[in-house]
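K.L.:
just need the structure, nothing else, for what follows:
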Amino acid sequence: MLGRFIGLCVRLACWLLLLLAAAILLYRVVPVPSTLMLARWLTLRPVEREWVPLEQISPNLIRAVIAAEDQRFCSHRGVDWIELNAVLEDEDGPSRGASTLTMQTAKNVFLWPGRSYIRKGLEIPLALAIDFAWGKQRVIEVYLNVAEWGHGLFGAEAAAQRYFGKAVARLSPAEAARLAAALPNPLLRDPGKPSRVLQSAAARTQRRLGQLGSLGDCALPD
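P.N.:
Sure thing, here's the model as predicted:
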């Protein structure tokens, strides 16, 4: 009985890995939902999202998100080991996150919200896999189409339309910085009516953009 149970578990794990690999390959070319979006659809709650290709997303927003969330995005392979080691070696414990944009994309598309060491452990191999399978431009394209920017509001196009009344392709540098600065707490930060906290975070993002230089260009469309 024990041998049968172990065999069943192994077969189940193999099937799950095959399904995951198939999903990663499929998501290279089709519009991708997030697990939060799927949960809202399953519970009959509205979802506002319009998928747009990377070519229709303002370079101002692409660079602003990299500057705000993951300044080494173009130099790592999905996981920023330098930042991760710094967090783990913090004498006061892991008081901050070390999630790259790729890890956040893996979480949004394949995993669940909330904090746990199990989920973080799963993020790392998934991030390495999608960075290898998708490349930088596809990672950013998926991230900007599944990121949450409000209750039931997903993706940069829907966010740009709601907060600024324009297509995401037409965002100014200041507007892009406000959207990027809202990402750490999208349910409480309103880019259309920015609080002092959001204004300060957006200004910090714009300063980081000046420091970023060409290091964020790997995600820009060809």
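
K.L.:
longest helix of this protein?
P.N.:
The longest helix of the chain (DSSP state H) is helix 2-26.

K.L.:
okay, the helix or strand just after that one in CSV with CA atoms only?
P.N.:
Downstream of helix 2-26, the first helix or strand assigned by DSSP states H and E is helix 35-42. Provided in CSV are the C-alpha atoms of helix 35-42 (Å, rounded to 0.1, in the frame of the first residue of the first chain):
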residue,chain,number,x,y,z
THR,A,35,-4.8,33.8,-10.5
LEU,A,36,-6.5,36.8,-8.9
MET,A,37,-8.5,37.4,-12.1
LEU,A,38,-9.5,33.7,-12.2
ALA,A,39,-10.6,33.9,-8.6
ARG,A,40,-12.8,36.9,-9.3
TRP,A,41,-14.3,35.2,-12.4
LEU,A,42,-15.0,32.0,-10.4
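
K.L.:
check the offset of helix 35-42 from the chain's centre.
P.N.:
16 Å (C-alpha atoms, centre = their mean, to the nearest Å).

K.L.:
and the longest helix of the chain, average pLDDT?
P.N.:
Helix 2-26 shows a mean pLDDT of 87.

K.L.:
then stretch 72-81?
P.N.:
So the average pLDDT for stretch 72-81 ends up being 93.

K.L.:
buried set for the helix or strand harbouring Ile130?
P.N.:
For Ile130, the host element (DSSP H and E) is helix 117-134. For helix 117-134, the neighbour count (16 or more other C-beta atoms under 10 Å) marks Lys120, Leu122, Glu123, Ile124, Leu126, Ala127, Leu128, Ala129, Ile130, Asp131, Trp134 as buried. All C-beta spots, glycine's among them, are computed from the backbone N, C-alpha and C.
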